[in-house]
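>>> below is the sequence, then the predicted model.
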Amino acid sequence: MSENIVEPRLTPLQVEKTVFPRRAFGYDRGAVDAFRRDVAKEMERLVQRVRQLEQSERELLSEVGRFRELETTLKEAVLLGQRAADETRAAAHAEADAVLSEARAVARQLQQDAELQVQQMRQEVARLQAEREGLVAGLRALLEGFAARLETFIPATAAVSVPREEVQDGAVAARDAPREP
C-alpha cells in the first residue's frame, strides 16, 4: 500500500445529496432516499475502514523499519561477537603457544643443567677416585717403608714375616707384630 491517502471519487455526502430528476412512474422516492442513505452510510464506513487500514499500514511500515534497523544492529552485534570470539581464540592460541614455548625452553635449560651436574659429578667421582688411588699408593708406600725399617731394627732370627697381601691391603695384623719382653 502507498503512504498517500486515497480519496474516493464519490463521497458519502455526494451520494446522499444527489438529486435525481423526476419522471412519471419512476422509482419510489422514499425507497431511493433510504437506499441513498444506506449507500452513504456504507461508503462512510468503508472510507473510515480504508483510513484505519492506511493508518495501520503506516504504523506497520514504521515498525518494519524499526525491525530492519534492529536486524541490522543485531547482525552487526553478531559480527562483532564473532570477531571478538575469533580474536579471543587467536589470543588464547598465541598465549598457549607462548606458554608452551616457554615451558620447552625451561625444560631444555633444566635438562642442560642436569647434564652439567651429571658431568660435574662424574668429574668429582673421577677426582675422588684419583685421590683415593693416590692415598692408597701413599699409604702402601708408607707401610712398606715402615716394614723396611722394622726389618732393620728386628734381628733376623726374630723377624716376623708379614705376608705381602696384608701390607698391600694396608693392614698388618697386631697379633703378628713382635712384642718386646
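That came in fine, so what should we check first?
>>> every contact and neighbour count from this point should use C-alpha atoms.
Will do.
>>> neighbours of Leu100, how many?
The burial count assigned to Leu100 is 12, neighbours taken as other C-alpha atoms under 10 Å.
>>> tell me which helix or strand it sits in.
helix 29-153 (DSSP states H and E).
>>> and that helix, what's its mean pLDDT?
The average pLDDT for helix 29-153 rounds to 92.
>>> how far out from the middle of the chain is it?
2 Å (C-alpha atoms, centre = their mean, to the nearest Å).
>>> just checking, what packs against it?
For helix 29-153, the packing partners by 3 or more C-alpha pairs under 8 Å, 6 or more residues apart in numbering; DSSP states H and E come out as helix 12-17, helix 164-168.
>>> tell me the secondary structure for the residue of the chain most remote from its centre?
When distances are taken from the C-alpha mean of the chain, Ala24 lies farthest, 98.9 Å away, according to C-alpha atoms, centre = their mean. The three-state assignment at Ala24 reads coil, by DSSP: H, G, I helix; E, B strand; the rest coil.
>>> what's it sitting at in phi/psi?
The phi/psi pair for Ala24 (degrees, to the nearest 10) reads phi -80, psi 140.
>>> ok, now the one 4 residues further on?
Note on Asp28: backbone dihedrals following degrees, to the nearest 10 are phi -70, psi 120.
>>> go on, Tyr27?
phi -70, psi 160.
>>> could you do Thr11 as well?
Thr11 adopts backbone torsions of phi -90, psi 160, taken as degrees, to the nearest 10.
>>> quick one: residues contacting it.
For Thr11, the contacting residues are Ala40, Met43, Glu44, by C-alpha atoms under 8 Å, 6 or more residues apart in numbering.
>>> neighbours of the last one, how many?
Burial of Glu44 is recorded as 15 neighbouring residues (other C-alpha under 10 Å).
>>> OK, contacts around it?
Applying C-alpha under 8 Å, 6+ apart, we find Glu44 in contact with Thr11, Pro12.
>>> report pLDDT for the residue farthest from the centre of the chain.
74.
>>> picking up where we left off before, and which of the contacts of Thr11 is nearest to Thr88?
Glu44 (64.4 Å; C-alpha to C-alpha).
>>> distance check, the closest one against Glu16.
Glu44 sits at a distance of 11 Å from Glu16 (criterion: C-alpha to C-alpha, to the nearest Å).
>>> ok, Ala91 next?
Ala91 sits 79 Å away from Glu16, taking C-alpha to C-alpha as the criterion.
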